[in-house]
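**Student:** starting from these lines, generate the structure:
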Amino acid sequence: MITGSTSAEPLVTVFGDLFMEANPDVSVAVQGNGSSAGITAATNGTAQLGMSSRALTEEEAAAEGVTGTTICMDGIAVVVNLENPVKDLTTDQIASIFKGEITNWSELGGNDAEIAVFGRDAASGTRSAFEEICGLLGEDEEGNEISLVDESKALIADSTNAVSTNVVSHTNAIGYISLGSLNETVKALQIEGVEATVENIKAGTYEVARPFNIATKEGLSEVAAD
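**Tutor:** The predicted structure follows:
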């Protein structure tokens, strides 16, 4: 069983299919339910591999016998409806949108229309990485890390596909998804003038990128270790 990040799920599913072709006596099940859930499952042994679209936290990495292995880098595409004329935003502008400070597309050179903000649930590794990169993390009075996203104005989706579907359905929407899930139904914005492409992620010029990790624990079966 492999479980975790819905962003990493399509890639890991391909890996699983290839592994089963080479090993017909092995069955690989891949389930997307969020990065935190994947790491927890790998830690407590309910799954042999946990998919994560973020780095393990200090607490997660401190669990006895648990390690995270980076399998690739993935971009996070900031997406809008195809009818939206806006093409480029800065990370500061993106942060202001999700904080609820910028609420109308006209403030960004777009139409005079209220911005519909779509984000991910708290267990999402895509959300964790997006908030860290875009400056959407802060601290409460006790010094604990908190999200600065104004959830009173944001609609929360439980998967990458759900974000895409909502952006397609709402002309004035904005959201973020894994670059690997990007298709022609939505438009990826340039960030700081740089397009969200594989080439730009490899070159390090596209800022909104993060690792895909596989969490494992000591004592894996021979099959899982392979």
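
**Student:** going by C-alpha atoms from here, please, whenever you check contacts or count neighbours.
**Tutor:** Fine.

**Student:** which SS class is the residue sitting furthest away from the middle of the chain?
**Tutor:** When distances are taken from the C-alpha mean of the chain, residue 25 lies farthest, 32.8 Å away, according to Cα atoms, centre = their mean. The three-state label given to residue 25 by DSSP: H, G, I helix; E, B strand; the rest coil is coil.

**Student:** check it and give its pLDDT.
**Tutor:** Confidence at residue 25, expressed as pLDDT, is 92.

**Student:** moving C-terminal from the longest strand seen in the chain, which element do we reach first?
**Tutor:** The single longest strand within the chain, with elements called by DSSP state E, is strand 66-80. Following strand 66-80 in sequence order, the next helix or strand is strand 88-89 (DSSP states H and E).

**Student:** circling back: what lines up beside the longest strand of the chain in the sheet?
**Tutor:** Using DSSP bridges, the strands paired with strand 66-80 are strand 173-178 (antiparallel), strand 187-188 (antiparallel), strand 209-217 (antiparallel).

**Student:** what helix or strand is residue 39 on?
**Tutor:** helix 35-44.

**Student:** and the spatially most central residue of the chain, what does it touch?
**Tutor:** Closest residue to the average C-alpha location of the chain: residue 126 at 1.9 Å, with Cα atoms, centre = their mean. Applying Cα atoms under 8 Å, 6 or more residues apart in numbering to residue 126 gives the contacts 7, 53, 54, 76, 120, 177, 178.

**Student:** for residue 103, same thing?
**Tutor:** 97, 114, 115.

**Student:** filter these down to just the ones in helices.
**Tutor:** If you go by DSSP state H, these have residue 97 in helices.

**Student:** ChimeraX command to pick out the buried ones of the contacts of residue 103?
**Tutor:** Restricted to buried positions by 16 or more other Cα atoms under 10 Å, the ChimeraX selection for these reads:
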select :97,115
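
**Student:** tabulate the contacts of residue 103 (TSV), appending distance to residue 31 and pLDDT.
**Tutor:** Putting the contacts of residue 103 into TSV (distance: Cα to Cα, whole Å; pLDDT from 0 to 100) gives the following:
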residue	distance to residue 31	pLDDT
97	32	97
114	36	97
115	32	98
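
**Student:** would you map the strands across the chain?
**Tutor:** 2-4, 30-32, 49-52, 66-80, 88-89, 116-120, 137-139, 145-147, 154-157, 173-178, 187-188, 190-191, 209-217.

**Student:** what's the most buried one of the ones you listed?
**Tutor:** Per residue and on average, the most neighbours among the strands of the chain fall to strand 49-52, with a mean of 31 (mean count of other Cα atoms under 10 Å).

**Student:** who does it pair up with?
**Tutor:** strand 2-4 (parallel), strand 209-217 (antiparallel).

**Student:** make TSV out of those and add distance to residue 148 and mean pLDDT.
**Tutor:** Formatted as TSV, the strands paired with strand 49-52 follow (distance: least, Cα to Cα, whole Å; pLDDT from 0 to 100):
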stretch	distance to residue 148	mean pLDDT
strand 2-4	24	94
strand 209-217	20	89
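
**Student:** dump those to JSON lines, plus distance to residue 153.
**Tutor:** Formatted as JSON lines, these follow (distance: least, Cα to Cα, whole Å):
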{"stretch": "strand 2-4", "distance to residue 153": "27"}
{"stretch": "strand 209-217", "distance to residue 153": "25"}
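
**Student:** for these, which one sits closest to residue 101?
**Tutor:** Each of the strands paired with strand 49-52 has some distance to residue 101 by Cα to Cα; the shortest is strand 209-217, at 23.9 Å.
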